[in-house]
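Visitor: Quick one, fold the following:
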Amino acid sequence: MGKLDGYKKDQLLAMLRDMLIIRRFEEKAAQAYGLKKIGGFCHLYNGQEGVVVGAVAALDMKKDYLLTAYRDHGHAIATGMDPKVIMAELFGKEAGCSRGKGGSMHMFDVEKHMLGGNGIVGGQIPVATGVAFMQMYKKTGGVTLCFFGDGAIHQGAFHESANLASIWNLPVIYIVENNHFGMGTAVKRVSAVEDFDVKAKGYNMTGTTVNGMDVIEVHKAIKKVADTARKDGRPALLDIKTYRYKGHSMSDPAKYRTKEELEEFKQQDPILMLKKDLLDAEMITEKKFEELDKEAKAIAKQAEEFAEESPEPPLESRFEDIYA
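Guide: Residues are numbered from 1 along each chain as shown. Below you'll find the predicted structure:
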């Protein structure tokens, strides 16, 4: 059987398009940050697009939910949030999804079932477990995807959540976006094990290692555990190996890794890997790829223009959405 057997052309092109939009959006965000149009923290997703796009493509976002950490622009786009609204949030504008108050780390859209990025390391893990409890309690047939980084798996919040999820048969899928560095510290310097799937055994759940640079492999892995979660209510842990091409945040020059290492992973670019698969299967031409990329660049440009032109939040909104 071929790698793309069972996949429809439209489905594969949609995944390629989403990855391109995320990449071009992040590049535009980086430019805007350099021009001081965006302030505060800004964590880019370049290189990791295959993880969230492959995962969301395997879901039914009408009944499934997604929660993630602070590197959340890609997750917001993959769940169907409007890039213009996301960029407006980065610019601190009233038209942003959190009315300009959340910024880079707090993308959120309840209607899209995107229940937010989270600025606290591991803070989303107990919340996602609670969402899965709701799904189990109400028998919705949905699953919850909980994304976090390799640095967050050492938080007590993960271990307590995983234990409860297994005891209560919760349909939650814990996804480690393992990009090899917790901020600037290599995994092997802080973890007793480098393959996190082994931690699943301690909580009697399925553990799998996945190549996150291959969107098809991610899609297949997520679909498999999601189907099990829907049927049996069993949680799972996926150690998805990926790589970020930029620093931890915009203020990080990433001097802790070599140019050779970065170049090695750029040869595994998830966008170019899917493009090659599609070319080999004669499902796409170079011209079609260029059209999709041109569209992605236009969407990113429109998002920036919308953010630029959107009004600032009114002064009185400083005192809204806070506790007295």
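Visitor: got the end-to-end distance for stretch 250-265?
Guide: 20 Å (CA to CA, to the nearest Å).
Visitor: swap in stretch 67-84?
Guide: 21 Å.
Visitor: Give me the residues contacting stretch 24-32.
Guide: 38, 42, 44-46, 73-74, 77, 83, 86-87, 90-91, 246, 250, 293, 296-297, 299-301, 303-304, 307 (CB atoms under 8 Å, 6 or more residues apart in numbering). All C-beta spots, glycine's among them, are computed from the backbone N, C-alpha and C.
Visitor: For it, the averaged confidence score.
Guide: Confidence for stretch 24-32, expressed as mean pLDDT, is 95.
Visitor: Okay, buried residues for it please.
Guide: By 16 or more other CB atoms under 10 Å, the buried positions in stretch 24-32 come out as Arg24, Phe25, Glu26, Glu27, Lys28, Ala29, Ala30, Ala32.
Visitor: Go through those residues and name the one nearest Asp10.
Guide: Proximity of the buried residues of stretch 24-32 to Asp10 was ranked by CB to CB; the top entry is Arg24 with 20.9 Å.
Visitor: so how far is Ala324 from the closest one?
Guide: Arg24 is 43 Å from Ala324, where distance means CB to CB, to the nearest Å.
Visitor: Contacts only, for the nearest residue in space to Met105 that is not next to it in sequence.
Guide: Nearest residue to Met105, sequence neighbours excluded (CB to CB, 6 or more residues apart in numbering): Tyr70, at 3.8 Å. Tyr70 is in contact with Phe41, His43, Ser104, Met105, Gly117, Asn118, Gly119, counting by CB under 8 Å, 6+ apart.
Visitor: one more time with 10 Å
Guide: Neighbouring residues of Tyr70 by CB atoms under 10 Å, 6 or more residues apart in numbering: 41-43, 103-107, 116-121, 123-124, 149, 249.
Visitor: So it versus Lys266, what's the distance?
Guide: From Tyr70 to Lys266 the distance is 24 Å (CB to CB).
Visitor: which intervals of this structure have sub-threshold pLDDT?
Guide: Along the chain, the model assigns pLDDT under 70 to residues 1, 180-182, 184-187, 189-192, 247, 252.
Visitor: circling back to that earlier point, what's the helix or strand for the residue nearest to Met105?
Guide: For Tyr70, there is no enclosing helix or strand under DSSP states H and E.
Visitor: How far away from the center of its chain is stretch 94-107?
Guide: 17 Å (CA atoms, centre = their mean, to the nearest Å).
Visitor: Using PDB, write out every CA atom in that stretch.
Guide: What follows is stretch 94-107, C-alpha atoms only, in PDB (Å, rounded to 0.1, in the frame of the first residue of the first chain):
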ATOM      1  CA  GLU A  94     -10.200  45.600  19.900                       C
ATOM      2  CA  ALA A  95     -11.000  43.300  16.900                       C
ATOM      3  CA  GLY A  96      -8.800  40.500  18.400                       C
ATOM      4  CA  CYS A  97     -10.300  37.300  19.700                       C
ATOM      5  CA  SER A  98      -9.500  38.400  23.300                       C
ATOM      6  CA  ARG A  99     -10.300  42.100  22.500                       C
ATOM      7  CA  GLY A 100      -6.500  42.800  22.400                       C
ATOM      8  CA  LYS A 101      -6.000  41.800  26.000                       C
ATOM      9  CA  GLY A 102      -4.600  38.400  25.600                       C
ATOM     10  CA  GLY A 103      -2.000  38.800  23.000                       C
ATOM     11  CA  SER A 104       0.100  36.000  21.500                       C
ATOM     12  CA  MET A 105      -0.400  33.500  24.200                       C
ATOM     13  CA  HIS A 106      -4.200  33.600  24.500                       C
ATOM     14  CA  MET A 107      -5.900  32.800  21.300                       C
END
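Visitor: Can you mark which positions in it are buried?
Guide: Buried residues in stretch 94-107, defined by neighbour count with 16+ other CB under 10 Å: 95-107.
Visitor: measure Asp72 to Ala303 for me?
Guide: Counting by CB to CB, the gap from Asp72 to Ala303 is 15 Å.
Visitor: Have a look at the two and say which one is more surrounded.
Guide: Between Asp72 and Ala303, Asp72 has the larger neighbour count (other CB atoms under 10 Å), namely 29 against 26.
Visitor: tell me the phi and psi of Pro270?
Guide: Backbone dihedrals for Pro270, given as degrees, to the nearest 10, come out at phi -60, psi -30.
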